[in-house]
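Visitor: Starting from these lines, generate the structure:
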Amino acid sequence: MSEPKGAKVTVVGVGPGDGRYLSSSVESLILKYGKSRKAFIRTKEHPTFDHFSSLELQSFDYFYEKSDSRYEVYESIANKLIELAHEHGEILYVVPGSPLVGEYSVTLLTKCETLEVEVIPAVSFLDLAWSKLGVDPMATGVLLVDGEDFRQVVGSYCGPIVVGQCWSKMILSEIKLSVEDPLDSKVVVLKHLGLEDESIFQVEWDDLDRSFEPDHLTSIYIEKMPKGLGSEFIRLEEITRTLREKCPWDKEQSHLSLVKHFVEEVYEAVEAVYDMDLETDGSHLEEELGDVLFQVFFHSRLAAEEGLFTISDVCQRLSDKLVARHPHVFGDVKVSSADEVLANWEKNKVAEKGRLSVMDGIPKSLPALAYFSKIWKKGESLGVDMDGEFEQIIGELPDLEGLLRLIVQLVTAKKIDLESEVRNAANRLRSRVIAQEDIKGQQI
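Guide: Residues are numbered from 1 along each chain as shown. Purely as a prediction, here's the structure:
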């Protein structure tokens, strides 16, 4: 039997509109806790709270003034509620609408292990929206999303969407800019549902952020989204799965058997990049990039069958890595040049992977010249002494093509294995970089 919690928060919602959807039981709770000053409301910016003006309910509106991030506001509210609950023993938390719809602060409260949380359901603005739109959300598969989160989901869903909390023209503008192709149909605006000045009207997609004045009681309904990036990824995943199940050739493939095809597709994509100047529509590069992408999907499908990872895991890991490797974009690190970006990238990569040297991540199977070049650039990115005289000599060469011809003639006449010699030179350079890397580390 679990131990009793040390404090309790009862969460209630006042429903949408002007109070007509407020239940008598919730009203009684607000009056009871309000008189003892143990009732707290998320915000006073809701018409229903006018009915309780005599109680002087304490709100958390001051958190909104301190932060531009909605999630930071909700985290601050949840932390304050936990503190108040342990101080008073038992409190009431009152939110607009329903505590089960769009209330992240409530979600955070329910995760607190030292708190007993009782959530009492209420009517939400969605119940009014379905009635006004004539939509059965279960039958149509409507997606509900917060206006500030719209960009993150727009590419993965083509069905109808209700976008809540569209409280500013900036949010509406960001919603509009998130969609590459304009909508064919108009957008339905749902404003002040449940109030006397309730307004439901349609606007053209291009006019979404300039034809009306939104507020905190504004939502929009998009009946059908354009085909997005996510839907094409899902389609490609299904095609890959089907080929793996039904195509005799695809059935026989393994990670190793696909390597040569992967390499060929990458080379063809590189060639398409060099040929970009020869075409006007980019169709060749588009096709070759698709072939490379299919290899990624194919390897991910094989890994999924082996219980290792999925294409979703690949995308998530890449996204997490890009965010972590760019603290100057997604964090508070300051950089002044691209060179600093590369230096930070290498340092973060070494720390992230637990490597002892930046050399540890260079594939030894690279062609010798590419291997040599990679080592050189890695060393330079860390500020390791790479012998500036060599760079000076290269800069003074009058005829690089002539030098290359001379090298070819030399290795042919002397029967030198150029690949092996370059690789040996690369390995010597690698040892030099690691040695100087160790010295620099000791100095730090």
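
Visitor: which residues in the stretch 101-250 of the chain form strands?
Guide: Applying DSSP state E, counting those that start in this stretch to the stretch 101-250 of the chain gives strands spanning 115-119, 143-146, 161-164, 187-191, 199-203, 218-222.

Visitor: how about those in JSON lines, adding distance to G97, mean neighbour count and mean pLDDT?
Guide: Any C-beta I mention is one placed from the backbone N, CA and C, and that applies to glycine too. Listed next are these as JSON lines, based on distance: least, Cβ to Cβ, whole Å; neighbours: other Cβ atoms under 10 Å; pLDDT from 0 to 100:
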{"stretch": "strand 115-119", "distance to G97": "13", "mean neighbour count": "17", "mean pLDDT": "94"}
{"stretch": "strand 143-146", "distance to G97": "12", "mean neighbour count": "17", "mean pLDDT": "90"}
{"stretch": "strand 161-164", "distance to G97": "9", "mean neighbour count": "22", "mean pLDDT": "93"}
{"stretch": "strand 187-191", "distance to G97": "13", "mean neighbour count": "21", "mean pLDDT": "96"}
{"stretch": "strand 199-203", "distance to G97": "17", "mean neighbour count": "13", "mean pLDDT": "95"}
{"stretch": "strand 218-222", "distance to G97": "11", "mean neighbour count": "22", "mean pLDDT": "95"}
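
Visitor: For D250, which of those is the nearest?
Guide: Judged by Cβ to Cβ, the one of these that comes nearest to D250 is strand 143-146, at 33.2 Å.

Visitor: name the helices or strands packed onto the closest one?
Guide: strand 161-164 (3 or more Cβ pairs under 8 Å, 6 or more residues apart in numbering; DSSP states H and E).

Visitor: how many neighbours does T310 have?
Guide: Using other Cβ atoms under 10 Å, T310 is surrounded by 14 other residues.

Visitor: Tell me how far the closest residue to it other than its chain neighbours lies from I234.
Guide: Leaving aside its sequence neighbours, T310 sits nearest to A304 (Cβ to Cβ, 6 or more residues apart in numbering; 4.7 Å). According to Cβ to Cβ, to the nearest Å, A304 and I234 sit 14 Å apart.

Visitor: which of those two has more neighbours?
Guide: Using other Cβ under 10 Å as the criterion, A304 and I234 rank with A304 on top: 18 against 14.

Visitor: Secondary structure element holding that one?
Guide: Using DSSP states H and E, A304 sits in helix 283-305.

Visitor: roughly how far is the next helix-or-strand element following that helix from the heart of the chain?
Guide: Sequence-wise, the next helix or strand downstream of helix 283-305 (DSSP H and E) is helix 311-325. Distance of helix 311-325 from the chain centroid (Cα atoms, centre = their mean, to the nearest Å) equals 9 Å.

Visitor: Average pLDDT for helix 311-325, rounded please.
Guide: Mean per-residue pLDDT for helix 311-325: 88.

Visitor: On the C-terminal side of that helix, identify the next helix or strand.
Guide: helix 327-330.

Visitor: Summarise which helices and strands that next one is packed against.
Guide: Contacts defined by 3+ Cβ pairs under 8 Å, 6+ apart place helix 327-330 against helix 338-353.

Visitor: OK, contacts around the closest residue to L236 other than its chain neighbours?
Guide: Leaving aside its sequence neighbours, L236 sits nearest to F297 (Cβ to Cβ, 6+ apart; 5.8 Å). Going by Cβ atoms under 8 Å, 6 or more residues apart in numbering, F297 touches L236, E237, T240, I311.

Visitor: same thing but 6 Å
Guide: L236, T240, I311 (Cβ atoms under 6 Å, 6 or more residues apart in numbering).

Visitor: would you list those residues in a markdown table and tack on neighbour count and distance to L183?
Guide: Shown next, in a markdown table, are the contacts of F297 (neighbours: other Cβ atoms under 10 Å; distance: Cβ to Cβ, whole Å):
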| residue | neighbour count | distance to L183 |
| --- | --- | --- |
| L236 | 16 | 24 |
| T240 | 21 | 30 |
| I311 | 20 | 28 |
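
Visitor: for V11, helix, strand, or coil?
Guide: Assigned with DSSP: H, G, I helix; E, B strand; the rest coil, V11 falls in the strand class.

Visitor: How about it: which residues does it bridge to?
Guide: V11 has these beta-bridge partners by DSSP bridges: Y93, V119.

Visitor: State the distance from it to A85.
Guide: Distance from V11 to A85, by Cβ to Cβ: 11 Å.

Visitor: And the pLDDT for K378?
Guide: With respect to pLDDT, K378 has a value of 69.

Visitor: same thing with L397?
Guide: Note on L397: pLDDT of 55.
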